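Asker: A predicted structure for the sequence below; I have some questions about it.
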Amino acid sequence: MGGNEDRLKSIRSFALQSRLFIAVIQVFFNYLIPDHDAKVFNPPTIHRSSAADHVVVFLLGGFRRWDAIYFLHVAEYGYTYENTLVFFPLFPFLTRIMANTILLPLHFIMNYSSCLLLAAFLLNLVLFVTSADILFRLSRRVIVSDIISFRAAQLYCVNPASIFFSAPYSETTFALLTFSGLLSLETNNLTGCAVLFGASSLARSNGLVNCAFIWYKIVKDFLKDMLCIMKSPQKNLLGKAVLMSVAVFAAIFKIVAATFFSWLPFLLYQCYSYKVFCNPLASYKDLPVHVLNYGNNQNYKMPHAGLSPWCHQSVPISYSYVQSTHWDVGFLNYYELKQIPNFVLALPMICLSACVVVNYIAWNPVYFLCLGLYDTMDRNRKKVDNVPHNAGQLYGINRKLCYVYVVHLAAMTIIACLFMHIQVLTRFITSSCPVIYWFVARMTVSEEIVELSVQSNLMRDETNASNGMPLLLETKPQTEADFSWNDSSWFSRIVLIYFHMYLFVGVAAFSNFLPWT
């Protein structure tokens, strides 16, 4: 296991360095470029500032921009305005917990707003390093190749939406919970997976979609069980009928239970929203004076200002109402001429996602059309001693296990293009779809290195199996996968330029209130 531990240490180190690097260049850009007056949500602060506050603002002030202000406001004051309800509570709650526990001694030398900003940065730092670790473990489980897995984790650390994984946003929290849930699913821990996906739905609304991974696995396992029952030599038809009935009820129970645990946190949050904003007894006295005054000046809907229309709906869900009313989110609502720059901004990720889907379909057309539920090759596949010439077909992005990940990516991209603010698409994909990293990683590693890695893995598997040890997939230390610019393809160069350019431009734009949300 030494090789894997070395890789994990290397990944954690690289992840930490990437976050510190972004923090440093954020300071540079924040003070090099004047802030743009974006005229966005930015409530005033009433706290007195000490020397420690000035240090925190100097080092981390560039992170307190755009939606980060909403998250920090929720962490400090709760849900005071109706438009804040779309910023889900898990990340603000964790930030507040850290500020009130680990950073409690700092309350004596800095104000609470500065303490929350520092807590949010440190929280995302820890969660990001952990998520990079989990992504590597998940990648090894799904795509097998250590080299591609290692490169995927590296790419995650420099992804095009990197600024949002360090600023007080929920992207890092959501990525960690999603990757952890997928890893639990790949190890057949459905309960752990459902709980983690449920937690992810408290970080971002698309956590609800994660449940589809569990549904797919349950349905696929159910069909396998039914096929085994039908092919069993048992001639008693009644016995087979009983077994099939048990399998049906077991599958239904698993789907219902998984859906319940995955969606329950989201539903509880909607109940909380109803209690706060649909309470006829709410009073303006419950809000701090400066929060109340800012809300009145901006004409924000506050809990004491009467019941909102969504409170009277048969199913009072605040999220869809607030998104459509306050943020103009809806089908093709963003398709306006003035939004063309934002579409251009999201275009590289749209094209990259399309490349992943088209590439996978090209390698597995029949399997894709059959929804990954039936493989005609399984019946005729013969065991061979040698690794196939194109190892990438069995080890990497083209593996059949990647089917559900590719479909998930396609669905997320379509939803973002048709319903969401298009500039959000990049961070939307990079925080929820690990397959995007697997594809780029595969494109940046040569075929020869992949085949060498696979051969090494298989030889080690055979050795471990013969010794009665668990099957482990290890290769030599990662130096053999170092990226060579001269030997890389034009596609690899373009994608890597895109990743790094968006990292730098994103930090520069975001830290100065320039359009990069």
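Answerer: Nice, thanks for sending it over. Numbers count the residues shown, from 1 in each chain.

Asker: Could you list the low-pLDDT ranges of the stretch 101-250 of the chain?
Answerer: When residues are selected by pLDDT under 70, those of the stretch 101-250 of the chain lie in 234-235.

Asker: now with 90?
Answerer: Low-confidence segments of the stretch 101-250 of the chain, defined by pLDDT under 90: 143-148, 223-245, 247.

Asker: Mind jotting down where the helices sit in it?
Answerer: Using DSSP state H, counting those that start in this stretch, the helices of the stretch 101-250 of the chain run over 112-143, 146-157, 171-186, 190-200, 211-231, 237-277.

Asker: right, and those - which one's nearest S432?
Answerer: Within those, the stretch nearest S432 is helix 171-186; the backing value is 5.6 Å (CB to CB). Placement of C-beta: from N, CA and C, glycine included.

Asker: Using TSV, please lay out the helices of the stretch 101-250 of the chain together with distance to R493 and mean neighbour count.
Answerer: Converted to TSV, the helices of the stretch 101-250 of the chain look like this (distance: least, CB to CB, whole Å; neighbours: other CB atoms under 10 Å):
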stretch	distance to R493	mean neighbour count
helix 112-143	22	23
helix 146-157	14	26
helix 171-186	26	25
helix 190-200	34	23
helix 211-231	33	16
helix 237-277	40	15
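
Asker: Kindly reformat the ones you listed as JSON lines containing distance to Q323.
Answerer: As requested, those are arranged in JSON lines below (distance: least, CB to CB, whole Å):
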{"stretch": "helix 112-143", "distance to Q323": "23"}
{"stretch": "helix 146-157", "distance to Q323": "28"}
{"stretch": "helix 171-186", "distance to Q323": "17"}
{"stretch": "helix 190-200", "distance to Q323": "18"}
{"stretch": "helix 211-231", "distance to Q323": "20"}
{"stretch": "helix 237-277", "distance to Q323": "13"}
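
Asker: Can you give me the first-to-last residue distance of stretch 292-307?
Answerer: One end of stretch 292-307 to the other measures 17 Å (CA to CA, to the nearest Å).

Asker: what distance separates that stretch from the middle of the whole chain?
Answerer: Between the mean C-alpha location of stretch 292-307 and the chain-wide mean there is a distance of 33 Å, by CA atoms, centre = their mean, to the nearest Å.

Asker: lowest-pLDDT helix or strand in this protein?
Answerer: helix 447-466 (a mean of 58; mean pLDDT, DSSP states H and E).

Asker: State the next helix or strand along the chain beyond it.
Answerer: As assigned by DSSP states H and E, the chain's next helix or strand after helix 447-466 is helix 490-510.

Asker: buried set for that next one?
Answerer: The neighbour-count criterion (16 or more other CB atoms under 10 Å) identifies 492, 495-496, 498-499, 502-503, 505-510 as the buried residues of helix 490-510.

Asker: How about F428: what's its closest non-neighbour residue?
Answerer: Counting by CB to CB, 6 or more residues apart in numbering, the nearest residue to F428 once its immediate chain neighbours are dropped is A416, at 5.2 Å.

Asker: ah, wrong one, I meant Q323
Answerer: Q323's closest residue in space is V329 (CB to CB, 6+ apart), at 4.0 Å.

Asker: Could you do F136 as well?
Answerer: In space, and not counting its chain neighbours, F136 is closest to A153: 4.2 Å by CB to CB, 6+ apart.

Asker: That neighbour reaches R137, doesn't it?
Answerer: No: the pair A153 and R137 fails to qualify as a contact (CB atoms under 8 Å) at a distance of 9.3 Å.

Asker: about what we covered before: contacting residues for the residue nearest to Q323?
Answerer: Taking CB atoms under 8 Å, 6 or more residues apart in numbering, we find V329 in contact with 323, 419-421.

Asker: tell me which of these is nearest to T444?
Answerer: Proximity of those to T444, judged by CB to CB, is greatest for M420, which lies at 28.8 Å.

Asker: Does the nearest residue to that closest one once chain neighbours are set aside fall in a helix, a strand, or a coil region?
Answerer: Nearest residue to M420, sequence neighbours excluded (CB to CB, 6+ apart): V329, at 6.3 Å. The three-state assignment at V329 reads coil, by DSSP: H, G, I helix; E, B strand; the rest coil.

Asker: Could you pull up phi and psi at V329?
Answerer: V329 has phi and psi values of phi -90, psi 130 when expressed as degrees, to the nearest 10.

Asker: And for N333?
Answerer: phi -60, psi -20.

Asker: next one: L32
Answerer: Backbone dihedrals for L32, given as degrees, to the nearest 10, come out at phi -80, psi -40.

Asker: re earlier: would you mind telling me which of the helices of the stretch 101-250 of the chain is nearest Y367?
Answerer: Counting by CB to CB, Y367 lies closest to helix 211-231 out of those; the figure is 12.3 Å.

Asker: who touches that closest one?
Answerer: When contacts are taken as CB under 8 Å, 6+ apart, the neighbours of helix 211-231 outside the stretch itself are 181-182, 185, 190, 193-194, 197, 240, 243-244, 247-248, 250-251, 254-255, 258-259, 262-263, 372-374, 404, 408.

Asker: Just the angle for that helix relative to helix 190-200, thanks.
Answerer: Computed with axes from the mean of the first three to the mean of the last three CA atoms, to 10 degrees, the direction of helix 211-231 lies at 160 degrees from that of helix 190-200.

Asker: Local confidence estimate at D35?
Answerer: On pLDDT, D35 comes in at 88.

Asker: Tell me the secondary structure at it.
Answerer: Of the three states, D35 takes coil according to three-state DSSP.

Asker: I'd say it and A508 touch.
Answerer: No: with contacts counted by CB under 8 Å, D35 stays clear of A508, the gap being 11.9 Å.

Asker: Q270 touches P316, doesn't it?
Answerer: Yes: applying CB under 8 Å, one finds Q270 in contact with P316, separated by 7.4 Å.

Asker: nearest to D67, of the helices of the stretch 101-250 of the chain?
Answerer: Distances from D67 to each of those were compared using CB to CB; the minimum, 10.1 Å, belongs to helix 171-186.

Asker: Any idea how far the closest one is from the middle of the chain?
Answerer: Its chain's average C-alpha position is 7 Å from that of helix 171-186, according to CA atoms, centre = their mean.

Asker: Convert the C-alpha atoms of that helix to PDB, please.
Answerer: The C-alpha atoms that make up helix 171-186 are tabulated as PDB, following Å, rounded to 0.1, in the frame of the first residue of the first chain:
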ATOM      1  CA  GLU A 171     -19.200  24.000  -3.900                       C
ATOM      2  CA  THR A 172     -16.500  22.300  -1.900                       C
ATOM      3  CA  THR A 173     -19.000  21.000   0.700                       C
ATOM      4  CA  PHE A 174     -21.200  19.700  -2.100                       C
ATOM      5  CA  ALA A 175     -18.300  18.100  -4.000                       C
ATOM      6  CA  LEU A 176     -17.000  16.300  -0.900                       C
ATOM      7  CA  LEU A 177     -20.500  14.900   0.000                       C
ATOM      8  CA  THR A 178     -21.200  13.900  -3.600                       C
ATOM      9  CA  PHE A 179     -17.800  12.200  -4.200                       C
ATOM     10  CA  SER A 180     -18.100  10.500  -0.800                       C
ATOM     11  CA  GLY A 181     -21.600   9.300  -1.600                       C
ATOM     12  CA  LEU A 182     -20.500   7.900  -4.900                       C
ATOM     13  CA  LEU A 183     -17.600   6.100  -3.300                       C
ATOM     14  CA  SER A 184     -20.000   4.500  -0.700                       C
ATOM     15  CA  LEU A 185     -22.200   3.500  -3.600                       C
ATOM     16  CA  GLU A 186     -19.300   1.800  -5.500                       C
END
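
Asker: Packing partners of it?
Answerer: The elements that helix 171-186 packs onto, with contact taken as 3 or more CB pairs under 8 Å, 6 or more residues apart in numbering; DSSP states H and E, are helix 90-100, helix 112-143, helix 190-200, helix 211-231, helix 425-430.
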